[in-house]
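1. kindly generate the corresponding structure for this input.
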Amino acid sequence: MLDMLDIEGLFPLYRRVEQHLQDFPKESRLQVDGPYNEAFLEKVQKCRVEDDGSVESAVAKVHQYRVAMTAKDCSIMILSGMQPPSPFTSSVSILDLDPKPFDSIPRQLRLDQKIVSYYLRTSGALPKGSRPQPPSIISAADREECTLLFHPM
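-> Next up is the predicted model:
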């Protein structure tokens, strides 16, 4: 629910923050790389829907996106079973809650663009006759950079 913008909508806000950090390299109030404390949480929770053009608004949107990406990337493990003397035991673990780094956003944009490009090249989205045949073996570069592959059915 926090990532109301897709990566293409978020990227201009990321660039605004990045430019501000280049102009003011000693800036720490934006908490781009933490600390992940109450002040950080407050920025994420109180971010307004509309962008007012400020660097504070942009960084709040970037923080929301990073928190959302962290939540999407985590794993939840549920273990349950019978164990004497209790009739039933269970355990829940949440793994991989590392905050996504601020500088991962350009990489996420490139990855998203590659996924869309690959989909358009291999799906029915192109006119008949212009569509290349899907490769029988995916190149190492595509395997390394793409986590999702779409194949025509």
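
2. what about residue 77, which helix or strand?
-> Under the criterion of DSSP states H and E, residue 77 resides in strand 75-83.

3. and that strand, what's its mean pLDDT?
-> Strand 75-83 shows a mean pLDDT of 83 in the predicted model.

4. so what touches that strand?
-> 88, 89, 90, 91, 92, 93, 94, 95, 96 (Cβ atoms under 8 Å, 6 or more residues apart in numbering). C-betas here are computed from N, CA, C, even on glycine.

5. nearest spatial neighbour of the fifth one, chain-adjacent residues omitted?
-> It refers to residue 92. residue 78 (5.4 Å; Cβ to Cβ, 6 or more residues apart in numbering).

6. and the second one, by the same measure?
-> Nearest non-adjacent residue to residue 89, counting by Cβ to Cβ, 6+ apart: residue 83, 4.8 Å away.

7. likewise for the fourth one?
-> Of all residues beyond its chain neighbours, the one nearest residue 91 is residue 79 (4.6 Å), with distances taken as Cβ to Cβ, 6+ apart.

8. and the one you found, how many residues sit next to it?
-> 9 (other Cβ atoms under 10 Å).

9. that concludes my questions; thank you for your assistance.
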